[in-house]
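Participant: dropping a prediction and its sequence here:
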Amino acid sequence: MPSFDFTSEADMVALKNAVDVASRQVDNRYDFKGTSARVELNEKDKIITLHGDSDFQLGQIKDILFPAMEKKEAESTKRLDHQAVQKVSGNKVKQDLKIRLGIETEMAKKIVKLIKDGKLKVQASIQGDAVRVQGAKRDDLQECIALIRKEIVDFPIRAGNFRD
């Protein structure tokens, strides 16, 4: 019985590369000279931290970081969970962007519900941080992939691990 998995994994190498590119651009920008503007990646905790002098400056740093991320890995900015902007020592601010890995339980339940409501001849089951889909024919599985890609646009989901 053919099957495949819906997963959502970040390419940490591409993400680290994008943060390095953005960090170099921030360091080289004339209007950021003498400020606390910088971008940091904590690979262990999967957090990108933006530092700046104001909310406006954080916005400018995001305008540099997000295109660099999209260039390295498509839809990678959709997996960021924006935390609240924090005041740090006087007039400085920082913001954490958590990198979401895997499919959370709520999203997995939504995918399973979409597949069941689509009346496709496939079975979906939640397997940890992935959703496994099984069906009798490859065409049914392809219809399922098309349905999920059309319905879920706010989170990057990949179909992989195909087994015949």
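Facilitator: That came through, no problem. Please read these numbers as outputs of a predicted model, since none were measured by experiment.
Participant: secondary structure class of the closest residue to residue 81 other than its chain neighbours, three-state.
Facilitator: Using CB to CB, 6 or more residues apart in numbering and skipping the chain neighbours, the partner closest in space to residue 81 is residue 98 (4.2 Å). Just so you know, the C-beta spots here come from the backbone N, C-alpha and C atoms, and that holds for glycine as well. Applying DSSP: H, G, I helix; E, B strand; the rest coil to residue 98 yields a three-state assignment of strand.
Participant: residues contacting residue 98?
Facilitator: 46, 47, 80, 81, 83 (CB atoms under 8 Å, 6 or more residues apart in numbering).
Participant: just the pLDDT for it.
Facilitator: With respect to pLDDT, residue 98 scores 92.
Participant: give the bridge partners for it, please.
Facilitator: residue 47, residue 81 (DSSP bridges).
Participant: may I ask which helix or strand of this structure has the lowest mean pLDDT?
Facilitator: strand 158-163 (a mean of 84; mean pLDDT, DSSP states H and E).
Participant: could you break this structure into its assigned domains?
Facilitator: 3-8+102-163, 12-99 (automatic domain parsing).
Participant: doesn't residue 100 make contact with residue 82?
Facilitator: No - contact criterion CB atoms under 8 Å: residue 82 and residue 100 do not qualify, at 11.0 Å.
Participant: of all the residues in the least confident helix or strand of the chain, which ones are buried?
Facilitator: residue 159 (16 or more other CB atoms under 10 Å).
Participant: paired strands for it, with orientation please.
Facilitator: strand 3-7 (antiparallel).
Participant: send me the strand it pairs with as PDB with only the CA atoms.
Facilitator: Provided in PDB are the C-alpha atoms of strand 3-7 (Å, rounded to 0.1, in the frame of the first residue of the first chain):
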ATOM      1  CA  SER A   3       2.200   5.900   1.600                       C
ATOM      2  CA  PHE A   4       4.000   9.200   2.300                       C
ATOM      3  CA  ASP A   5       4.600  11.600   5.200                       C
ATOM      4  CA  PHE A   6       3.700  15.300   5.600                       C
ATOM      5  CA  THR A   7       6.600  16.900   7.500                       C
END
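Participant: how far out from the middle of the chain is that strand?
Facilitator: 18 Å (CA atoms, centre = their mean, to the nearest Å).
Participant: of residue 82 and residue 100, who's got more company?
Facilitator: Higher neighbour count among residue 82 and residue 100: residue 100, with 16 against 11, using other CB atoms under 10 Å.
Participant: could you measure from the more buried one over to residue 111?
Facilitator: Separation of residue 100 from residue 111 (CB to CB, to the nearest Å): 15 Å.
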